[in-house]
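Student: Okay, sequence plus prediction incoming.
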Amino acid sequence: MATAAPARRRGGPAGGTGSMGGEAQRAALTARLGLPHRGGVRADGPVVSFGTAGPVSAFALSAVGGTVHEYAALARDLDGTCRIQGIEADGLYAGTALPDSLNAMVARTADLVRRSQPDGPYRLIGWSGGGIVAYETARHLEAEGGIVDLVVLMDAPYRTGRWRPDPADDLAALFAGEVLRGLGRPARVPPGLSAAQHLALLAGHVADRPAPPGTLLSDLERWYAVFVARTAALSGYRALGHLGAAAVLVSAHGSQDWAPYWRGRFRGGVRELSTTAGHYGILHPPAVATTAAAIRAAL
């Protein structure tokens with residue numbers, strides 16, 4: 001399991017998140033789960049508005065978990081320069097099926113991008129496994145004649161190991177840890193629990209109160225199913241091809257440095273940023289401000 005899920009790489013000791021970033025991610029997550037929240041995030045469909053504005057636009061693509069609340073602090077830091085929309089995964093919303101392949105994920109993402117913005121130039125942002133989706137969606141758009149101006153890859157793997165679901169894998173514990181780290185919280189996940197127990201505890205953490213069975217638990221169960229399906233869909237990946245777009249490559253402390261592998265895939269110029277924050281910390285203050293500055297410089 002350790003080599004398969006792109007989001008499993010961990011940040012090092014310098015990857016602190018900071019409380020303000022956790023608040024931004026938390027507000028975005030509670031918005032998409034329908035809990036009381038503050039702020040301009042709207043999550044009533046797969047294309048999520050962060051309530052930001054700017055003369056240019058960009059799309060933040062979901063990582064292995066399928067949600068985009070992780071980008072909330074980045075969207076806030078880019079407000080006024082670039083308006084950010086997130087694209088969440090199939091399977092999270094009623095009437096949509098779980099993703100069954102990377103190709104299907106990419107085709108669906110490109111379609112949502114074009115519906116939201118019929119003409120280019122397009123700018124795509126991807127963190128962790130979302131970077132794979134961003135790169136492949138950019139290739140898809142270019143192949144159809146679209147103009148892709150910029151691709152931002154934030155600690156995104158150039159390749160992944162092969163994995164298929166195994167009942168012996170404690171994926172519910174992994175999922176709960178991923179959600180808590182994404183919120184800037186300690187990932188204290190008790191061992192030996194069933195998937196249902198893990199999800200019930202996670203519901204309580206997210207809601208800040210004991211969560212009875214109902215909509216929240218149903219949403220988390222759906223989210224967990226998306227996590228498992230996208231982990232399988234992204235397994236065995238290796239980047240191919242090239243893009244005419246420019247790129248910003250952000251590397252995190254404690255992760256494998258994928259920038260040397262990615263830089264040869266872009267013909268439009270590459271900016272590289274190496275941070276002292278970990279895999280999750282690059283999306284939280286103070287590191288997210290540095291990432292936002294690198295994106296602004298490339299716009």
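Tutor: All right, it came through fine.
Student: CA only for contacts and neighbour counts going forward, please
Tutor: Will do.
Student: Can you give me the buried ones in the host helix or strand of Phe227?
Tutor: Element membership for Phe227, per DSSP states H and E: helix 215-234. Residues of helix 215-234 classed as buried by neighbour count (16 or more other C-alpha atoms under 10 Å): 216-217, 219-234.
Student: Give the helix, strand or coil label for the closest residue to Cys82 other than its chain neighbours.
Tutor: Counting by C-alpha to C-alpha, 6 or more residues apart in numbering, Cys82 lies nearest to Gly54, which is 4.3 Å off, once chain neighbours are set aside. Under DSSP: H, G, I helix; E, B strand; the rest coil, Gly54 falls in the coil class.
Student: who touches Gly54 in this structure?
Tutor: Applying C-alpha atoms under 8 Å, 6 or more residues apart in numbering, one finds that Gly54 lies in contact with 79-83.
Student: Show me what the helix holding Phe227 is packed up against.
Tutor: Here helix 215-234 touches helix 171-182, helix 195-207, going by 3 or more C-alpha pairs under 8 Å, 6 or more residues apart in numbering; DSSP states H and E.
Student: go with 7 Å
Tutor: The helices and strands touching helix 215-234, judged by 3 or more C-alpha pairs under 7 Å, 6 or more residues apart in numbering; DSSP states H and E, are helix 195-207.
Student: Just the C-alphas of the helix it packs on, formatted as PDB.
Tutor: The C-alpha trace of helix 195-207 is given here as PDB (Å, rounded to 0.1, in the frame of the first residue of the first chain):
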ATOM      1  CA  ALA A 195     -14.100   1.100   8.700                       C
ATOM      2  CA  ALA A 196     -17.500   2.100  10.100                       C
ATOM      3  CA  GLN A 197     -15.900   3.000  13.500                       C
ATOM      4  CA  HIS A 198     -13.100   5.100  11.800                       C
ATOM      5  CA  LEU A 199     -15.700   7.000   9.800                       C
ATOM      6  CA  ALA A 200     -17.900   7.600  12.800                       C
ATOM      7  CA  LEU A 201     -14.900   9.000  14.800                       C
ATOM      8  CA  LEU A 202     -13.900  11.100  11.800                       C
ATOM      9  CA  ALA A 203     -17.400  12.600  11.600                       C
ATOM     10  CA  GLY A 204     -17.100  13.700  15.200                       C
ATOM     11  CA  HIS A 205     -13.800  15.400  14.500                       C
ATOM     12  CA  VAL A 206     -15.100  17.200  11.400                       C
ATOM     13  CA  ALA A 207     -18.300  18.400  13.100                       C
END
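Student: tell me the secondary structure for Val248?
Tutor: Val248 ends up strand, using three-state DSSP.
Student: so who does it touch?
Tutor: 151-153, 270-272, 295 (C-alpha atoms under 7 Å, 6 or more residues apart in numbering).
Student: what's the helix holding Phe227 in contact with?
Tutor: Everything outside helix 215-234 that qualifies as a contact, by C-alpha under 7 Å, 6+ apart, is 5, 33, 64-66, 91-92, 98-102, 163-164, 175, 199-200, 203.
Student: So which residues of the protein form helices?
Tutor: 19-32, 72-78, 102-116, 129-143, 171-182, 195-207, 215-234, 259-262, 287-298 (DSSP state H).
Student: How many residues are close by Gly264?
Tutor: 13 (other C-alpha atoms under 10 Å).
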